[in-house]
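Colleague: pasting the sequence and the predicted coordinates here, then a few questions.
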Amino acid sequence: MVMLEGFTSAVVATRGGIDIHVTRGGSGPPLLLLHGYPETHVMWHKIAPSLAPRFSVVMPDLRGYGDSAKPRGDDRHALYSKRAMAQDQIDVMASLGFSHFQAVGHDRGARVLHRLCLDHRDAVERAAILDIAPTAAMYARSSKEFATAYYHWFFLIQPSDLPERLIGADPDYWIEKLTGAFSRSANVFVAEALAEYRRCLRNPATIHATCEDYRAAASIDLEHDAADAAERVRCPLLILWGAKGVVGRMFDPLALWREKALDVRGRALPCGHFLPEEAPEETLAALNEFLIG
């Protein structure tokens, strides 16, 4: 892909039998970048080339997204629990020879990263969380205003196959509505990136898998969060959010993350939800200040 020239891609088989598509490049200490919805690893294209001189950058497509495997969901949505998706990343990094790494997660990838920090404390050295508050806290503080702004949360968790059929009727329109609703600047998404997001979401298996991701967040992930309610993330956390977005307007990200972690710092950036694409220079500067390498 021209946007990530110099990076290479391969498929890594996890111990659980899930094939994860991985794009990587650069040299130095390992850095895992986890994307959000409705995107793929391509969302990092504006900052990954600048990180590559300092880090061995690893950009997977999450289970169910992009060109990674998309198993059919089960009744408990366990195949798309953040615990299962976090284990994928441990397996990917181990296959590349990395037992310890720093990581950055945006949106859904940030929720996977939160679980990574809890389940694999010795693996994650530093973590940057982009534009989310903890899942359980966001559900617990739901309001009419939040449900209106984050309508997709409550739509995507509906039982199969309601959202699958509706999104499948016009996936390009769904991409257009989501990217437009949560970005705050014109011409944020380059044509090549949008084309990749559309290509992937046109696959009915991707639509189903990504709905399962959200269904898991409203069910089994909350069970796991409740069981770990007393646990705290021990590695340093950088929390970044969009000053013009929903998370910063409706929540106090730093306060909520300080309930979940021992070492938290961060700030708002001048953008909406899609930090690495809307405010790449500011996002890169914040990461370069925080990451070690």
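Modeller: Right, received. Where do you want to start? Everything quoted here is computed from the prediction, not taken from an experiment.

Colleague: all strands of the stretch 51-200 of the chain, in order?
Modeller: Ranges of strands in the stretch 51-200 of the chain, per DSSP state E, counting those that start in this stretch, are 56-60, 101-106, 124-130.

Colleague: would you format these as a markdown table with mean neighbour count, distance to residue 262 and mean pLDDT included?
Modeller: Any C-beta I mention is one placed from the backbone N, CA and C, and that applies to glycine too. Formatted as a markdown table, the strands of the stretch 51-200 of the chain follow (neighbours: other CB atoms under 10 Å; distance: least, CB to CB, whole Å; pLDDT from 0 to 100):
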| stretch | mean neighbour count | distance to residue 262 | mean pLDDT |
| --- | --- | --- | --- |
| strand 56-60 | 25 | 26 | 98 |
| strand 101-106 | 26 | 17 | 99 |
| strand 124-130 | 24 | 12 | 98 |
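
Colleague: do you know which of these lies nearest residue 195?
Modeller: Residue 195 lies closest to strand 56-60 among those, at 17.7 Å (CB to CB).

Colleague: center of this protein - which residue?
Modeller: residue 109 (1.8 Å; CA atoms, centre = their mean).

Colleague: tell me how far the residue nearest to that one when sequence neighbours are not counted lies from residue 247.
Modeller: Distances taken as CB to CB, 6 or more residues apart in numbering place residue 34 nearest to residue 109, at 2.8 Å, with adjacent residues excluded. Using CB to CB, to the nearest Å, residue 34 is found at 17 Å from residue 247.

Colleague: same check on residue 289?
Modeller: Residue 289 is 21 Å from residue 247, by CB to CB.

Colleague: for the residue lying closest to residue 9 once chain neighbours are set aside, give me phi and psi.
Modeller: Of all residues not flanking residue 9 in the chain, residue 23 sits nearest, at 4.6 Å (CB to CB, 6+ apart). Main-chain torsions, residue 23, degrees, to the nearest 10: phi -110, psi 130.

Colleague: count of residues packed around residue 23?
Modeller: 24 (other CB atoms under 10 Å).

Colleague: who does it form a beta bridge with?
Modeller: residue 9, residue 59 (DSSP bridges).

Colleague: just checking, it touches residue 8?
Modeller: Yes. Contact criterion CB atoms under 8 Å: residue 23 and residue 8 qualify, at 7.1 Å.

Colleague: tell me the contacts of the residue nearest to residue 109?
Modeller: 60, 62, 89, 103-106, 108-110, 112-113 (CB atoms under 8 Å, 6 or more residues apart in numbering).

Colleague: columns distance to residue 122 on top of the residues you listed, output as TSV?
Modeller: Shown next, in TSV, are the contacts of residue 34 (distance: CB to CB, whole Å):
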residue	distance to residue 122
60	20
62	22
89	14
103	13
104	19
105	18
106	24
108	24
109	21
110	20
112	17
113	15
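
Colleague: mind listing what's buried along the helix or strand hosting residue 214?
Modeller: Using DSSP states H and E, residue 214 falls within helix 204-217. Within helix 204-217, the residues scored as buried using 16 or more other CB atoms under 10 Å are 206-217.
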